[in-house]
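> Build me a model:
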Amino acid sequence: MMVDLGSFSDEKFDAKKWINMACQVRHPQDPLEKHLVDLEMKLQMMSEEIAASLEEQSAATLLRVPRATRDVVRLRDDALSLRNSVAGILHKLKKAEGSSAESIATLAKVDTVKRRMEAAYETLQDAAGLTQLSSTVEDVFASGDLPRAAETLANMRHCLSAVGEVAEFANVRKQLEVLEDRLDTMVQPRLTDALSNRKVNVAQDLRGILIRIGRYKSLEQQYTKVHLKPIRQLWEEFDSQQRADKLGGEKTELGRGPSSHDVQSALPTVSFSSWLPSFYDELLLYLEQEWKWCTIAFPDDYKTLVPKLLMEIMTTLGASFISRVNIATGRAVPETGALAKGMLDILSGDMPKGIKVQTKHLEALIELHNMTGIFARNIQHLFSESDVQVLLDTLKAVYFPYEPFKQKYGQIERSILSAEIAGIDLRGAVARGIGAQGVELSETVRRMEESIPQVIVLLEAAVERCINFTGGSEADELILALDDIMLQYLSILQETLKSLRVVCGVDNSGDISSRKETGSDRKEGAHGSRKADLTSNEEEWSIVQGALQILTVSDCLTSRSSVFEASLRATLARLSTSLSLSVFGSNLDQNHSHMSSDDGNGEFSLAGKVSLDVAAVWLLDIPEKARKLLSLLEQSKDPRFHALPVASQRVSAFADTVNELVYDVLISKVRQRLSDVSRLPIWSAAEETSAFPLPSFSAYPQAYVTSVGEYLLTLPQQLEPLAEGISNSDQNIDEAQFFATEWMFKVAEGATALYMEQLRGIQYITDRGAQQLAVDIEYLSNVLSALSMPIPLVLATFQTCLSTPRDQLKDLLKSESAYELDLPTANLICKMRRINVEQ
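Purely as a prediction, here's the structure:
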């Protein structure tokens with residue numbers, strides 16, 4: 001049996017656990033006592049061996065101690081000797097360092113002198129060479145060797161730069177400038193011929209000459225000059241064609257003699273909008289050919305040379321282009337076309353009064369702009385190898401003719417929409433006669449309801465025009481214009497509502513919202529009564545139906561405007577995504593450095609090129625406007641954002657005004673019937689005496705209260721068609737029922753309030769009058785119960801106190817039943833019946 005001594009070195013050694021484990025490994029047939037005896041013997045032998053080993057090793061260690069002590073002493077002496085040696089070396093190095101620094105400083109001064117002497121030598125050589133070149137340059141020019149002349153002038157320029165501002169060479173500097181101009185002049189005719197006849201080798205040599213003398217600008221100018229002439233001729237063909245058509249028309253008129261003609265017959269037969277695509281096609285073809293030729297002739301310059309040509313073309317044609325676009329927009333409308341004027345003339349006020357910007361003007365402008373957009377995309381594809389900044393400058397030049405229109409876009413859109421809104425006729429003009437009020441009201445309401453989708457369509461078209469024309473860059477101006485136009489439309493609707501109040505017979509100078517059942521409108525009620533007496537019952541109900549239909553106008557306006565605003569907000573959010581932060585962010589004020597970022601492979605960022613849409617091209621030059629626009633577009637992503645804030649408030653105000661008008665119409669009949677209730681003679685009528693005993697009969701409700709009750713009971717039937725119009729789907733059934741119930745309760749509550757106010761105005765009432773009034777109140781209470789309305793406590797108090805005999809009323813107020821009454825009202829009734837409660 002082997003004994004593992006490793007477990008004895010463990011810090012957590014457990015003797016019992018070790019003995020148990022040792023017993024477990026014994027052979028099953030061996031007795032436990034024998035196993036333990038053997039284990040004890042082995043442990044004892046091993047401990048004796050370990051003790052002997054320790055004793056032997058300790059003795060050996062004691063013998064080695066003296067030797068180790070001698071070694072330590074020797075090492076200490078060696079360390080002291082080494083330290084002394086190092087200190088001596090350091091002392092020598094310090095001495096050497098001082099003398100070396102002086103030597104190095106001396107050498108540096110010597111080197112400086114040497115370099116200055118070499119520079120002076122080279123300058124003297126350049127001066128000598130400059131003198132020689134100045135004396136021989138005329139001979140070089142006389143030989144006609146232009147490359148040699150360019151090299152001579154380049155050397156002279158180099159020598160002058162080396163000599164610096166030396167008075168003796170001032171004349172040479174002036175001479176050099178004259179000679180460079182002279183050489184440039186000699187190169188120009190040959191360069192013109194090479195460019196015109198596409199002589200690649202000659203053009204390359206001449207380019208090298210101009211670059212050698214630092215006159216690359218001359219190459220650009222001459223290249224532009226050569227190719228600008230045919231493009232200008234192409235542009236002027238339109239004017240020539242216009243003059244030819246006009247001259248032919250005049251000859252035709254002279255041959256026919258004087259006759260009446262339509263305005264359009266006097267206009268040129270070829271329009272600018274039909275001619276512009278062909279001009280763009282020919283210009284694009286010309287540029288493609290130049291691009292291909294320049295890649296061979298000027299492989300280092302074609303990426304900037306051809307775009308520079310297009311920029312110069314658009315700059316040269318700019319004023320004429322703007323004028324043609326302006327006149328082309330005017331031709332879309334006969335009035336402005338006959339005057340050869342356009343949108344800019346209308347906006348500047350240089351037109352006869354009454355001529356305004358119309359949708360056709362802007363549509364014609366957008367059509368031209370779309371043509372330019374197609375050309376711009378083709379140019380972007382053609383110049384895709386050019387630097388992004390060059391491409392950006394080129395596209396700005398292409399879109400330049402439309403800048404005056406974009407600067408006034410908000411004014412243009414506001415003028416168009418304002419004229420279209422003003423042209424909407426909301427009044428239902430009919431001949432006055434029997435039932436004319438109801439017909440006029442119905443017709444006006446119908447026109448109001450039909451006008452709402454028309455206006456929304458106009459606003460949606462404006463949004464689409466803004467996206468098509470500006471790419472969304474003028475979204476801020478568009479929002480302001482839409483808000484103003486909505487205010488204009490809502491003002492028209494408000495004025496129409498005022499006129500409808502007259503038609504409905506509820507117009508008065510008081511504040512509508514402060515008149516609701518205060519009892520202070522008895523005079524107005526009497527005035528309305530006199531008006532109502534002039535109309536038939538049928539017309540009254542037609543007016544009620546027309547007034548209820550106004551609610552559909554309010555509901556339609558609220559829902560359609562809300563949907564439009566949500567759609568506008570979604571459009572603004574999409575614009576915020578498309579007009580990326582890379583274009584409109586903080587890099588705007590860094591000279592568009594993000595546009596020319598390199599991706600490490602010599603290729604420019606694709607994102608920068610993709611972002612060159614019409615909006616980006618327009619906004620990159622006006623960073624302040626871009627920041628404000630981006631801020632607005634970011635705000636549009638907030639669900640709480642109102643794209644048309646003022647208009648939204650006015651829509652809510654219009655809905656409130658409609659509700660007030662409808663309420664006044666519905667309550668007008670009640671107000672008319674109850675206007676004189678407090679002054680009815682029946683209240684102060686005394687009991688009739690007779691010499692004969694007559695049977696007593698129960699009183700019946702009077703006509704005024706039965707009329708009001710019948711009106712209230714009929715009102716649900718009047719509300720039913722309107723509710724059915726709202727519940728056009730199963731989802732809206734509950735909403736329609738709530739709507740009808742809400743208005744029925746509102747009118748019933750108003751009628752009850754008016755009635756109670758009239759009752760409070762009764763000064764004196766007899767027992768007979770009290771009996772009659774109690775019957776009237778009971779009838780109205782039954783009507784309210786039929787309508788599922790609670791009976792007001794004041795009205796119930798009137799009924800209880802009036803139905804109680806006069807001699808029992810005082811006892812009633814002192815009983816426990818008085819807690820169920822309105823005490824101020826009960827005291828008022830006692831006063832009416834001449835009962836002194838205090839006694």
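
> dump the residue contacts of the nearest residue in space to Thr804 that is not next to it in sequence.
Nearest non-adjacent residue to Thr804, counting by Cβ to Cβ, 6 or more residues apart in numbering: Leu812, 5.3 Å away. To be clear about C-beta, it is placed using only N, CA and C from the backbone, and glycine gets the same treatment. Contact partners of Leu812, counting by Cβ atoms under 8 Å, 6 or more residues apart in numbering, are 800-801, 804, 818.

> Pull out the buried residues from the residues you listed.
800-801, 804 (16 or more other Cβ atoms under 10 Å).

> Quick check, central residue of the protein?
Leu633 (3.0 Å; Cα atoms, centre = their mean).

> which ones are touching it?
475, 572-573, 575-576, 579.

> hmm, back to that, now, which of the buried ones among the contacts of Leu812 sits nearest Glu385?
Thr800 (98.8 Å; Cβ to Cβ).

> On the three-state scheme, that closest one is what?
On the three-state scheme (DSSP: H, G, I helix; E, B strand; the rest coil), Thr800 is labelled helix.

> Phi first, then psi, for the nearest residue to it once chain neighbours are set aside.
Using Cβ to Cβ, 6+ apart and skipping residues adjacent in sequence, the residue nearest Thr800 is Leu821, 6.3 Å away. With angles defined as degrees, to the nearest 10, Leu821 sits at phi -110, psi 160.

> Look up how far Val614 lies from Leu821.
78 Å (Cβ to Cβ, to the nearest Å).

> on that earlier part again, quick check, nearest of the contacts of Leu633 to Val651?
Leu572 (19.1 Å).

> Am I right that that closest one is in a helix?
Yes. Counting by three-state DSSP, Leu572 is part of a helix.

> ok, and the closest non-adjacent residue to it?
Ser636 (3.6 Å).

> Quick one: residues contacting that neighbour.
Ser636 touches 569, 572-573, 576, 643, counting by Cβ under 8 Å, 6+ apart.

> how about a cut-off of 10 Å?
475, 479, 568-576, 642-643 (Cβ atoms under 10 Å, 6 or more residues apart in numbering).

> Which of the residues you listed are buried? Put it as a ChimeraX command.
Remark: buried members of the contacts of Ser636, expressed as a ChimeraX selection using 16+ other Cβ under 10 Å:
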select :475,479,568,569,571,572,573,575,576,642,643
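
> now, the most widely separated pair of the contacts of Ser636?
So, the contacts of Ser636 by Cβ to Cβ: farthest apart are Arg574 and His642, at 17.9 Å.

> rewinding a little: quick check, nearest of the contacts of Leu633 to Pro453?
Scanning these for proximity to Pro453, where the rule is Cβ to Cβ, the winner is Leu572, at 22.2 Å.

> As CSV, the buried ones among the contacts of Leu812 with pLDDT and distance to Trp293 would be great.
Below are these laid out as CSV (pLDDT from 0 to 100; distance: Cβ to Cβ, whole Å):
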residue, pLDDT, distance to Trp293
Thr800, 91, 109
Cys801, 91, 111
Thr804, 89, 115
